[in-house]
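Engineer: Let me see the structure of the following:
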Amino acid sequence: MTSTGATLDELGWNAHFSGQTTAAELLHYEPVRVMAVHRGKIAVMGPAATQFVTPHIPGATPSDDHPTVGDWLLIDRETGLPHRVLQRTNLFKRRAPGDPTREQMIAANVDTVFLVASCNQDFSVARLERYLVLAREVGVPAVVVLTKADLAEAPDVFADAARAIEPGLQVETVNGRDPSDVARLARWCGFGRTVALLGSSGVGKSTLVNTLRGSDSIETQAVRAADGTGRHTTTVREIHRLERGGWLLDLPGMRELQLAEAAAGIAEVFDDFAAAAQDCRFADCAHGVEPNCAVRAGIADGTLTAERFASWRKLAAEESANASRMAKRRPR
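Structural biologist: Residues are numbered from 1 along each chain as shown. Reported below is the predicted structural model:
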């Protein structure tokens, strides 16, 4: 991560954020953007050089009031202490690993999310559906980026499988090591724009980051030949400056992304099943043995697929269970 500063416009400052401040407040507090999250410290950037500050905000108790990568934060111009987090345009969250009752913030204020998968045996439609549900839930446009196309005998097969997830889904197939190939992603990485990368370990995210940045400073790992998977490379959530003026938010690989409170995202990604379910005879139809089930009828006549039905049921059940755990944990 570069230590030089950037103007507020370069960092993505816009009317949404400026409208939350006053001229009097800005005399005492400086807007900065959270560029990286470390244990006990966060790296922030403004017109001055990058600096490290404590993430603790006095009086902030809910986890959502604490800064995460991509956030806009007001800090005291004299002491450098955080004052408050500005209201976000969006926030990616996941269920905290090892604790089903707690959520973990992933990233905030993202303009586009690249859902990264590789053209090899580790490719998973179910995993892409899971990432897409998350993007739809928070309202961030998603682009599927399929890497390692140069190593695949038939990369179009993977691209067709990804496009079948949702009509109109943007899918780009690239060789992550080829700058001219990766340049096709530049339209989402313009001045002041923030792109986040979501994908499992070993799919070539770090290689993609290096190529987009025009640098090889991000460590990469080789994948296992047996199953095409890799070890975690990115361990710190941070934002990288891109040559075209945008910002790339590289996230740690998340093979198991648990969904919570994502019913709207599931309904949007699987809107064909949601629409069919409205024609079922019973409002609480479980789409099993009930008579006049429109979902089962759609699968039988080929307008719906059994594979997507299984994914829909699995994600909906997971979301419902996790949301229930979160609701029980919240104080009344």
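
Engineer: Surely Gln170 and Val143 touch.
Structural biologist: Yes: counting by C-beta atoms under 8 Å, Gln170 does reach Val143; the two are 4.5 Å apart. Every residue, glycine included, has its C-beta placed from N, CA and C.

Engineer: in the stretch 151-300 of the chain, what spans have low per-residue confidence?
Structural biologist: 215-236, 252-262, 264 (pLDDT under 70).

Engineer: Can you report how many residues lie near Glu129?
Structural biologist: 22 (other C-beta atoms under 10 Å).

Engineer: Is it part of a helix or strand, or is it coil?
Structural biologist: Using DSSP: H, G, I helix; E, B strand; the rest coil, the structure places Glu129 in helix.

Engineer: and it, what does it touch?
Structural biologist: Taking C-beta atoms under 8 Å, 6 or more residues apart in numbering as the criterion, Glu129 is in contact with 165, 269, 311, 315.

Engineer: mind putting these in CSV, distance to Arg127, secondary structure and neighbour count included?
Structural biologist: Formatted as CSV, the contacts of Glu129 follow (distance: C-beta to C-beta, whole Å; DSSP: H, G, I helix; E, B strand; the rest coil; neighbours: other C-beta atoms under 10 Å):
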residue, distance to Arg127, secondary structure, neighbour count
Ile165, 11, coil, 19
Val269, 13, helix, 29
Ser311, 10, helix, 21
Leu315, 11, helix, 21
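
Engineer: Include distance to Glu243 when you put those into a markdown table, please.
Structural biologist: Putting these into a markdown table (distance: C-beta to C-beta, whole Å) gives the following:
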| residue | distance to Glu243 |
| --- | --- |
| Ile165 | 31 |
| Val269 | 33 |
| Ser311 | 37 |
| Leu315 | 37 |
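
Engineer: May I ask which two of those are separated the most?
Structural biologist: Farthest pair in the contacts of Glu129 (C-beta to C-beta) is Ile165 and Leu315. Separation: 12.3 Å.

Engineer: Out of the contacts of Glu129, which is nearest to Leu304?
Structural biologist: After measuring the contacts of Glu129 against Leu304 - C-beta to C-beta - the closest member comes out as Ser311, at 11.6 Å.

Engineer: got the contact list for stretch 104-113?
Structural biologist: 12, 34, 63-64, 66, 68-72, 88-97, 131, 135, 140-143, 188, 193-198, 237, 249, 251.

Engineer: would you list every one of the strands in this protein?
Structural biologist: All strands of the chain, identified by DSSP state E, fall at 29-38, 41-45, 51-53, 72-76, 82-85, 91-95, 103-108, 112-118, 142-147, 170-173, 194-198, 237-241, 247-250.

Engineer: Output those strands in TSV; the columns should cover mean neighbour count and distance to Thr211.
Structural biologist: Shown next, in TSV, are the strands of the chain (neighbours: other C-beta atoms under 10 Å; distance: least, C-beta to C-beta, whole Å):
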stretch	mean neighbour count	distance to Thr211
strand 29-38	22	20
strand 41-45	21	23
strand 51-53	16	28
strand 72-76	21	28
strand 82-85	20	32
strand 91-95	21	23
strand 103-108	22	21
strand 112-118	25	13
strand 142-147	25	10
strand 170-173	18	13
strand 194-198	26	12
strand 237-241	22	12
strand 247-250	25	11
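
Engineer: Quick check: which of these is nearest to Glu290?
Structural biologist: Short answer: strand 91-95, nearest of the strands of the chain by C-beta to C-beta, at 30.9 Å.

Engineer: With that, I have no additional questions.
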